[in-house]
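Sequence plus the predicted model coming up.
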There are 2 protein chains.
Amino acid sequence: MARRGEFQIIDRFFTHEAFGEWQSQGVGDDCAIIDAGDTRFAVTTDMMAIGTHFLPNALPETVGYKALAVNLSDLAAAGASPRAFFLSIGLPERDDEWLAGFSRGMMALAEETGCALLGGDTTRTAEVNGRHAPVTISITAMGALPKGKGLTRAGARVGDDVWVSGTVGDAYAALKCRWGHWQVMPDQQPALFERMDRPTPRVRLGTALLDLASAAADISDGLSADLGHILERSGVAADIDWESVPLSPVLRSLAPGLQREAALMGGDDYELVFTASPENRLRIEQAGLLTETRLTRIGKVCEKLSGDNLTIRSHDGAVIRTGMAGFDHFAGQG
Amino acid sequence: MARRGEFQIIDRFFTHEAFGEWQSQGVGDDCAIIDAGDTRFAVTTDMMAIGTHFLPNALPETVGYKALAVNLSDLAAAGASPRAFFLSIGLPERDDEWLAGFSRGMMALAEETGCALLGGDTTRTAEVNGRHAPVTISITAMGALPKGKGLTRAGARVGDDVWVSGTVGDAYAALKCRWGHWQVMPDQQPALFERMDRPTPRVRLGTALLDLASAAADISDGLSADLGHILERSGVAADIDWESVPLSPVLRSLAPGLQREAALMGGDDYELVFTASPENRLRIEQAGLLTETRLTRIGKVCEKLSGDNLTIRSHDGAVIRTGMAGFDHFAGQG
């Protein structure tokens, strides 16, 4: 949850003085972290529509899998263990074949991660010019946290390492190829498309990082934007070494400018970006091995001196870009 | 959550063997009741769209208020105390005036009931024929329950009284008047429309009934349908005395056939229908006084002998109707 355009809307219209018995660490994180009596849990919510978040011809299995995966990814960023989710689905019409595929994709991931479907709502989408709007999905997922623990975007400290899991930019490159804007070799396409359609929520990694990372976010808006959220919330800056940013072989086969666009600006990878004290390097590498997740150190947290808080440098010291950018559903409207 | 067409979809496509550490009492209730460690809570989720669940010209304050109210009503039916909610909202375009009104309506009710907004997601609705679909809202609300307690639709026993709060049928009559199908005196309209636009979630009553009621549901689909859900899940039948069913003065001013249609088949009232042992009559009446809620005994739970489980009789003993019916988003499509 919580992309940047959304921040502005939520900050502006829905921020109130805290009230009630349950409180969280505040809007602007991947999850709300709630203490209810002795129990601490994390909650996230995401709304997705076919045609906006999914291609119009996306397979129902893909839609079901990914709709849950993006929520599990938010739980992973908080270090929470998935426990339950609630599904609301708006359908233009009842289509049993589509629903069966959607459910297969979703429930396989749910079982794999121990995240039970405990409730839901189905409805018909609104009519526009005589046609019902396409499938709209809203998921709220809940995960358990040990008492007093939980990763947020706040907490990065000057001197921390910046780490990223897996490789970044693949999902964006896949979309560009599907749109026909970019091209890769035909035999490279299936693996690339898989990265867009079936991202791996880093659930086991997230829980392994609970005692190791100082701040974490999942990469839904792009490495620059999501690392930028950590820096903003933590009041620090970061220096990133472009050549260290982990890219897949297929991304490396593209022109350098496209590699940078995909890896820095492209979202939808659902990897984790996190910060941690250099003292924890060895234990973090062990966590990567244990959870079979590639982990790469890509830079350092430093003091914030100017307006921009993110600098990405090439090995020769040249600045590739500064500032932040990411996906904004309402960019230019605010 | 969980209307009848939805049951069929959820039962058919999303019912799995239980897995994971958190489990609930099963799909088909107003809320999931979850034990997480020592903490018990209730969760409900609802998706609503303008044009489907709200009139196209509904005021933003009304939409904001009612979207939260229907979820609080589900918590009330479980006897849970509202604690937190999560809001996903899809917008055709950013409209600050609309959002400000929506937030006012929603947050006033949230504060009044101690239900904090702890997270959310905003997105743009899908495009259909060049137009973005209307506002779509999904809310997941959570409430606290004392350990081991919580009202469900199962639990009604032969010999129990059947009770209903407030009056029923008003929201349906209001809709019929707004459509121009029915007519009431102009000076009666505001109060009637208020019942449709600002239903009162029976939160305090719900918690007061925790130790008194054997089963409960909120009236979202209509008295027949929602009482029917209790009877179905409890494996019993009920005999209802039509003349006891509480109607507002404005509903009583309509023709008898319309009164019955509105009170028995009309949904959207968000009153509670519940069953309780006759031993608890006095304490239930006290709960009504304490929470300033009109409570009316309308019939008795009896053994289920035939296929139909709900019989509604006139004082003279004539059967008005049997069976069940309610609102079904996908009726006829299943």
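Nice, I can see it. Numbering: from 1, shown residues only, chains lettered A, B, ... in the order given.

and whichever strand or helix holds residue A:66, does that touch chain B?
In the assignment (DSSP states H and E), residue A:66 maps to helix A:60-78. No. Helix A:60-78 lies apart from chain B when judged by C-beta under 8 Å from any C-beta of the partner chain; the minimum separation is 9.6 Å. C-betas here are computed from N, CA, C, even on glycine.

That helix packs against which elements?
Judged by 3 or more C-beta pairs under 8 Å, 6 or more residues apart in numbering or on different chains; DSSP states H and E, the packing partners of helix A:60-78 are strand A:39-49, strand A:81-91, helix A:96-113, strand A:136-145, helix A:189-197, helix A:203-208, strand A:213-218.

what comes into contact with stretch A:311-325?
By C-beta atoms under 8 Å, 6 or more residues apart in numbering or on different chains, the surrounding residues in contact with stretch A:311-325 are A:222, A:224-225, A:228, A:231-232, A:237-243, A:260, A:264-265, A:308-310.

Just the buried positions in stretch A:166-183, please.
A:166-177, A:182 (16 or more other C-beta atoms under 10 Å in any protein chain shown).

Pick the one among those closest to residue B:141.
residue A:171 (32.3 Å; C-beta to C-beta).

Compute the number of surrounding residues for the nearest residue to that closest one once chain neighbours are set aside.
Distance criterion C-beta to C-beta, 6 or more residues apart in numbering or on different chains; nearest residue to residue A:171, sequence neighbours excluded, is residue A:268 at 3.8 Å. Neighbour count for residue A:268, taken as other C-beta atoms under 10 Å in any protein chain shown: 21.

show me the contacts for residue A:268.
Residue A:268 neighbours (C-beta under 8 Å, 6+ apart): A:171-172, A:175, A:196, A:199, A:220.

Now it: which helix or strand?
Residue A:268 belongs to no helix or strand, assigned by DSSP H and E.

Save the helices and strands packed on helix A:60-78 as CSV, and put in distance to residue A:56 and mean neighbour count too.
As requested, those are exported to CSV (distance: least, C-beta to C-beta, whole Å; neighbours: other C-beta atoms under 10 Å in any protein chain shown):
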stretch, distance to residue A:56, mean neighbour count
strand A:39-49, 10, 26
strand A:81-91, 15, 26
helix A:96-113, 13, 19
strand A:136-145, 13, 28
helix A:189-197, 14, 17
helix A:203-208, 29, 24
strand A:213-218, 25, 28
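
Was I right to think residue A:98 contacts residue A:60?
Yes. Shown here, residue A:98 and residue A:60 form a contact pair, counting by C-beta atoms under 8 Å, at 4.7 Å.

Can you give me the first-to-last residue distance of stretch A:106-123?
Using C-alpha to C-alpha, to the nearest Å, one end of stretch A:106-123 lies 18 Å from the other.

quick one: average pLDDT of that stretch?
The pLDDT scores in stretch A:106-123 average 93.

now stretch A:14-24
77.

residues near residue A:279, how many?
Around residue A:279 there are 12 residues (other C-beta under 10 Å).

hang on, I meant residue A:35
17.
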